[in-house]
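Novice: Model the following, please.
(2 chains)
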Amino acid sequence: MFLNQFLLLAAILFCIGVYGVLARKNGVLVLMSIELILNAVNINLVAFGAYWNANDNTNVSGQVFALFVIAVAAAEVGVGLALVLLIYRNRQSIDIDDVDMLKG
Amino acid sequence: MFNMIDKVWIIPALMASSFLVILFFGKRWGTRATAGIGIAAVSICLMLSVIVAGNWISRVNHPPTGAALAADVVQANGLTPQTGENIAAEANAATHDSGETVAAGSTATMSESEHTEASASEHGAEHESVPPVVRTVTWFQIGGIEFEMGTLVDGLAAMMLITVCIISLLVHIYSTEYLHGDVRFTHYYAFLSLFTASMLFYVLSSNTLQMLVGWELVGVCSFGLIGHWWEEKKNTDAALKAFLTNRVGDIGLILGVIITFFAAGGTSFNVLHINEYALSQSANTTLLLVGALCLFGGVTSKSGQFPLHTWLPDAMAGPTPVSALIHAATMVVAGVYLIARLYPVFFSGLAIGSSTFHYVAFIGGFTTIIGGLLAFVQTDLKKVLAYSTISQLGYMVMALGVGAWTAGVFHLFTHAFFKACLFLGAGSVSHACHHTFDMREMGGLRKKMPITHATFLIATLALAGIFPLAGFWSKDEILAGSASGQDNAYTIMLIFGLITAFLTAAYMGRAYWMTFWGDYRGHAKPHESPKVITVPLMVLAGCAVVLGFTNFPKSFFGFKLPGSLTTRFEHFVEPTFAFPPIQHAAFTPWLAVASTILAAGGLFVAYQYYEKNRGPHGLTSRNKVALAGYTFLENKYYLDDLYTGVVAGSTKGPIARAANWFNQNILDGIINGIGLGARKIAAVVYVVADQLIIDGAVNGSGQGSEGAGQLLRKIQTGKVQQYASILFAGAVVLAGVLVFVV
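Specialist: Numbers count the residues shown, from 1 in each chain, chains lettered A, B, ... in the order given. Got it, this is the predicted structure:
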């Protein structure tokens, strides 16, 4: 089994995600990009889990970790979408550059 | 009989569920259902507690043998499925599950086995070491230490169970009338249930950590109930005062728990473990001394000992049944119970019985005097009782301090009943007199409230220590203990005790005569309270009469009852396992006579001063003809009047005022002096250290950080994505460091 394809895929996903988070102005797209980052991590976890325990089908700790990440991500996106929704209600826009009231 | 002693956790759990049910459904189901749930739960608890006590008595009478002990342990594991979850925990539970295995002799400490052998050979079967029944489950595991929670039942715990349940039940019943129509009736009953649950949890705790939890829980309930009528500022202030004063002591308690934990090896909070350690030869007495002093800090606040007693009188702002339950009979004895439960720690740490450092005894003795004196200057009936409670708690602590364990705990037991009776009686009086507690607006109530009067009188006599009521026996045991302890080293405690015997009778006489005799001075129309109020009073008065006989001395003026009837309380309540060798003072006739004479003298003085001084004027102005004979009888006492007027007036009042003056001038003077001195020193320190050095440093750092802030605020744009970029850049740099450098 080759690990590097998975790692490459994960790295590409991660970079796309980081780009999205840093550069996109649309709040929903930022959230989606965060999902990409998390799923890149998931791919890594599963890949490493499968790689190190290739001969042992009973050890699925990597996969279990990925499940945890998915669960947490679901919760996170729930909170995030609620925030975006409230921002939209208040400003009729979800451009996160507009949200800079904490400016020092 | 059904063996309740293994499943004793049901009792607090039942009360806790009662609390939850009342909390969630009380409003919806109405006040009758609320009170009904509370009363039913406490009644069941009382029945179960009686069964527990019965189990314990049969255990003392037929101490389990080695084989039975082993079976007991196995059975216990079968019965507690929580421990059976994994084998390791179960094995652990089996060893910890009870002191019983320890008692069987396999891992007994040196002193313990000596103690067991000695007592077995001396007294034969009667005083065999009966280990408490401990049932535990694993609470949590941290740092390789397994923390357990569980129940510990011995005579002391069983006694407390019954006391708490009886008084709680009567208070529950009484409150249905006393708080009838109250806006927060449900809230009140929920708190009563929670309080009862916490107190039962506390007395059944098998380790000190759990005791801490119970201790804080009762504190919270006390806070909630003192501030029950929080619309008035003074009530919330009183609640806060009680809570905060207790926090001061709680720090001591927490430190004490931690210190004893580490002193005893840092492996277990188990009460038996700590007690065994404290009694072992290898015990570190310095650590135990510090631990015991810290624990005593907790006792000082919770049990109203000098100088942290000030919250207790203010706590009377709560509803009267609560004062009876919490601030007289049960919660305030939590501190006394703590000493009794961890007695070996205090015994070894403070070297009770073998040193000249009588810290506990002295604080107790001092508290008992100041509490008694302050009771004289109160016009509020409940406050008289509150100071009396402080005084009596001091008595108990003093007894424990002089090594008279049984006497102290016995006084705790008897005091709970007659003090609860007095408080509930005061509540009944106030219920009749437009909710006032001011004794100046009472008087002459004995005709109008015959049952309240009779029960109040019985309880007053019991508190004053008049033969043959309960207070007589417990008070005399304490006095005898102080007289005989450690080769007369406790003379000062004995004097404190005797003075208090006089004071108690005098101030209770004052309260009694001001309330129930003379003319009615208020504006309401007093009437006898309904049965819901009077029946609990009668029950408590009955207890105040008979309970003293539970510890009938072995020889009473030469009169001897059969052995199976004497010192039952001592026989069943006093621990025989992991307990220091304490002395048992025999009944001392001259002390009993002296204290009874003092008590009677106190009542007599109060009678002369407070009743006769005022009686004639009021009575003659009301009905001259009918009371002419009475007035004539009064005149016979004119000399006595003068005499007692002079004696009582010139000693008692001034003493009380002197105590007050001492408080105001000397104590405050010392404090003010210290304050002034501190201010002078502070002025110098202010100019040199504060202004020059510290302010310079502070201003410098302030300016520095302001400059830095001005620079950094440029970065804080409020744009999330810029922050994210910086975060990401930082992460990249860190990753680079990790990959390439490390």
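Novice: low-confidence ranges in chain A?
Specialist: Within chain A, the stretches with pLDDT under 70 are A:1, A:104.
Novice: Next, count neighbours for residue B:664.
Specialist: 11 (other C-beta atoms under 10 Å in any protein chain shown). C-beta coordinates here come from the backbone N, C-alpha and C atoms, glycine included.
Novice: doesn't residue B:348 make contact with residue B:283?
Specialist: Yes. With contacts counted by C-beta atoms under 8 Å, residue B:283 reaches residue B:348, the gap being 5.7 Å.
Novice: neighbour count winner among those two?
Specialist: residue B:348 (23 against 20).
Novice: Excluding chain neighbours, what is closest to that one?
Specialist: Computed as C-beta to C-beta, 6 or more residues apart in numbering or on different chains, the closest residue to residue B:348 that is not its neighbour in sequence is residue B:278, at 4.5 Å.
Novice: On the three-state scheme, that neighbour is what?
Specialist: When classified by DSSP: H, G, I helix; E, B strand; the rest coil, residue B:278 comes out as helix.
Novice: so what's it up against?
Specialist: Residues in contact with residue B:278 (C-beta atoms under 8 Å, 6 or more residues apart in numbering or on different chains) are B:260, B:264, B:288, B:342, B:344-345, B:347-349.
Novice: what's the helix or strand harbouring residue A:47 packed up against?
Specialist: Per DSSP states H and E: residue A:47 is located in helix A:27-52. On a contact count with 3 or more C-beta pairs under 8 Å, 6 or more residues apart in numbering or on different chains; DSSP states H and E, helix A:27-52 meets helix A:4-23, helix A:61-91.
Novice: Tell me which of those is the most buried.
Specialist: Stretch with highest mean neighbour count among those: helix A:4-23 (a mean of 16; mean count of other C-beta atoms under 10 Å in any protein chain shown).
Novice: how far does that helix sit from the chain's center?
Specialist: Centre-to-centre, helix A:4-23 and its host chain are 10 Å apart (C-alpha atoms, centre = their mean, to the nearest Å).
Novice: and stretch B:526-533, how far apart are its ends?
Specialist: The first and final residues of stretch B:526-533 sit 15 Å from each other (C-alpha to C-alpha, to the nearest Å).
Novice: Could I get the buried residue list for that stretch?
Specialist: B:526, B:528-529, B:533 (16 or more other C-beta atoms under 10 Å in any protein chain shown).
Novice: Farthest-apart pair in the residues you listed, please.
Specialist: Farthest-apart pair in those is B:526 and B:533; separation 13.3 Å (C-beta to C-beta).
Novice: hang on, the earlier thing: for chain B, find the nearest of the helices and strands packed on helix A:27-52.
Specialist: Of all the helices and strands packed on helix A:27-52, it is helix A:4-23 that lies closest to chain B, at 5.3 Å by C-beta to the nearest C-beta.
Novice: picking up where we left off before, residue A:49: which of the buried residues of stretch B:526-533 is nearest?
Specialist: residue B:533 (71.7 Å).
Novice: For the closest one, list the residues it contacts.
Specialist: B:174, B:177-178, B:424, B:427-428, B:431, B:452.
Novice: going on from whichever strand or helix holds it, what's the next piece of helix or strand?
Specialist: For residue B:533, the host element (DSSP H and E) is helix B:531-546. Sequence-wise, the next helix or strand downstream of helix B:531-546 (DSSP H and E) is helix B:568-573.
Novice: export the helix or strand following that next one as CSV, just CAs?
Specialist: Note on helix B:568-573: by DSSP H and E, the next helix or strand toward the C-terminus is helix B:589-606. Provided in CSV are the C-alpha atoms of helix B:589-606 (Å, rounded to 0.1, in the frame of the first residue of the first chain):
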residue,chain,number,x,y,z
PRO,B,589,-22.8,12.9,92.7
TRP,B,590,-21.4,16.2,94.0
LEU,B,591,-21.2,17.6,90.5
ALA,B,592,-24.7,16.6,89.7
VAL,B,593,-26.0,18.2,92.9
ALA,B,594,-23.9,21.3,92.3
SER,B,595,-25.0,21.8,88.7
THR,B,596,-28.6,21.2,89.6
ILE,B,597,-28.5,23.7,92.4
LEU,B,598,-26.9,26.2,90.0
ALA,B,599,-29.5,25.6,87.4
ALA,B,600,-32.3,25.9,89.9
GLY,B,601,-30.7,29.0,91.3
GLY,B,602,-30.5,30.4,87.8
LEU,B,603,-34.2,29.8,87.2
PHE,B,604,-35.0,31.2,90.6
VAL,B,605,-33.0,34.4,90.0
ALA,B,606,-34.6,34.8,86.6
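Novice: Could you list the buried residues of helix B:589-606?
Specialist: Buried-residue list, helix B:589-606, by 16+ other C-beta under 10 Å: B:591-592, B:595-596, B:598-600, B:602-606.
Novice: Angles on the backbone of residue B:137, please.
Specialist: According to degrees, to the nearest 10, the main-chain angles of residue B:137 amount to phi -130, psi 160.
Novice: Now distance to chain B too, for the helices and strands packed on helix A:27-52, in TSV please.
Specialist: TSV is the format used below for the helices and strands packed on helix A:27-52 (distance: least, C-beta to the nearest C-beta, whole Å):
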stretch	distance to chain B
helix A:4-23	5
helix A:61-91	11
